[in-house]
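Novice: Give the three-dimensional model of this entry:
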Amino acid sequence: MTKRPLKVGILETGRPPEELIHYGDYPGMVADWLSPLEAEFQSYAVLDGEFPESAEMCDLWVITGSKFGAYEAHDWIPPLEVFIRSARDAGKKMVGICFGHQIIAQALGGTVVKSDKGWGLGVHQYAPVNWPNVLGAPPEKIAIQAYHQDQVTALPKGAERIAQSDFCENAALWYPGFALTVQGHPEFAGDYTADLLELRRGTVLSDEDVETGKANMARPDNRGWLAELLNDHLDML
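Specialist: Numbers count the residues shown, from 1 in each chain. Below is the predicted model of the structure:
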């Protein structure tokens with residue numbers, strides 16, 4: 001009997017700037033990053049109020065990054081929090097990226113704030129801590145693109161910190177039996193991030209911010225390893 005393909009639902013909570021749309025949209029970037037899963041991907045524009053009918057529709061849900069804050073008053077955020085809890089209660093798996101990392105924490109009782117540490121930009125390196133055995137051997141570090149000010153500052157009940165740095169204490173969280181979330185952007189390729197930094201120079205970002213981010217871009221990333229981890233250990237999340 002042929003096993004049916006994994007179904008992955010991507011909850012789109014943000015979009016690239018129009019000037020960079022030639023790189024594709026965030027669901028496309030997520031699908032490219034998660035290509036090792038050999039899954040069927042379906043995206044839902046939740047920022048436009050488009051939600052799945054049920055958490056049962058997919059095996060894995062991925063929440064993208066966004067320019068919005070999890071704590072901001074947007075009509076689509078409360079129903080997204082409800083959906084997160086329903087996916088957990090239905091026994092589905094979930095992955096959160098940047099905003100996704102934050103909104104999952106907030107939906108389950110954690111706290112998200114705009115950090116006084118400023119911007120995290122370029123490739124950031126996070127050290128594993130209390131790494132769960134069910135996710136295989138820990139990496140020496142998790143190194144992925146970062147583009148954020150907001151951070152999770154208080155964990156919800158049941159969440160476990162599994163990677164951290166001096167800049168971002170809660171860089172990766174594990175919700176046993178439910179979710180894995182990361183503050184960085186494993187779906188971002190280096191050229192997209194570099195162009196995003198330059199596009200935001202002088203508006204959202206200062207010259208100093210951009211130059212710091214560009215210097216961090218020289219570090220290698222291991223975003224492919226993170227996709228392989230999900231492929232190999234998805235059932236153990």
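Novice: contacts and neighbour counts: CA atoms only from here.
Specialist: OK.
Novice: Output the longest strand anywhere in the chain as PDB, restricted to C-alpha atoms.
Specialist: For the chain, the strand that runs over the most residues, judged by DSSP state E, is strand 120-128. Output of strand 120-128 as PDB, limited to C-alpha atoms (Å, rounded to 0.1, in the frame of the first residue of the first chain):
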ATOM      1  CA  GLY A 120      19.100  41.000  15.100                       C
ATOM      2  CA  LEU A 121      20.300  40.900  11.500                       C
ATOM      3  CA  GLY A 122      22.300  38.600   9.300                       C
ATOM      4  CA  VAL A 123      23.300  35.100  10.200                       C
ATOM      5  CA  HIS A 124      23.000  34.500  13.900                       C
ATOM      6  CA  GLN A 125      24.500  31.500  15.700                       C
ATOM      7  CA  TYR A 126      22.600  29.800  18.500                       C
ATOM      8  CA  ALA A 127      24.000  27.200  21.000                       C
ATOM      9  CA  PRO A 128      21.900  24.100  21.700                       C
END
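Novice: Report the strands that pair with it, each with its relative direction.
Specialist: As defined by DSSP bridges, the strand partners of strand 120-128 come to strand 142-148 (antiparallel), strand 160-164 (antiparallel).
Novice: ok, and what's touching the first one?
Specialist: So that's strand 142-148. Outside of strand 142-148, the residues within contact range by C-alpha atoms under 8 Å, 6 or more residues apart in numbering are 98, 119-128, 163, 183-186, 188-190, 193, 217, 220-223, 226.
Novice: Show the end-to-end separation of stretch 106-120, please.
Specialist: With C-alpha to C-alpha, to the nearest Å as the measure, stretch 106-120 spans 20 Å from end to end.
Novice: Any idea how far that stretch is from the middle of the chain?
Specialist: Centre-to-centre, stretch 106-120 and its host chain are 14 Å apart (C-alpha atoms, centre = their mean, to the nearest Å).
Novice: Could you give me the buried positions within that stretch?
Specialist: Within stretch 106-120, the residues that qualify as buried by neighbour count (16 or more other C-alpha atoms under 10 Å) are 106, 107, 108, 110, 111, 112, 114, 115, 119, 120.
Novice: pLDDT below threshold where in the protein?
Specialist: Low-confidence regions of the chain, defined here as pLDDT under 70, cover residues 1-3.
Novice: Would you mind measuring from the most centrally placed residue in it to residue 13?
Specialist: Note on the chain: the residue nearest the mean C-alpha position is residue 97, at 0.5 Å, using C-alpha atoms, centre = their mean. Here the criterion is C-alpha to C-alpha. By it, residue 97 lies 10 Å from residue 13.
Novice: Give me the common contacts of the two.
Specialist: Contacts common to residue 97 and residue 13, judged by C-alpha under 8 Å, 6+ apart, are 63, 64, 65.
Novice: Kindly state the beta-bridge partners for the first one.
Specialist: If I follow you right, that is residue 63. Under DSSP bridges, the beta-bridge partners of residue 63 are residue 11, residue 96.
Novice: and it, what is it in contact with?
Specialist: Contact analysis of residue 63 by C-alpha under 8 Å, 6+ apart lists 10, 11, 12, 13, 94, 95, 96, 97, 99, 100, 101.
Novice: is it possible to export these to JSON lines including distance to residue 171?
Specialist: Shown next, in JSON lines, are the contacts of residue 63 (distance: C-alpha to C-alpha, whole Å):
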{"residue": "10", "distance to residue 171": "21"}
{"residue": "11", "distance to residue 171": "21"}
{"residue": "12", "distance to residue 171": "21"}
{"residue": "13", "distance to residue 171": "20"}
{"residue": "94", "distance to residue 171": "16"}
{"residue": "95", "distance to residue 171": "13"}
{"residue": "96", "distance to residue 171": "11"}
{"residue": "97", "distance to residue 171": "10"}
{"residue": "99", "distance to residue 171": "12"}
{"residue": "100", "distance to residue 171": "12"}
{"residue": "101", "distance to residue 171": "9"}
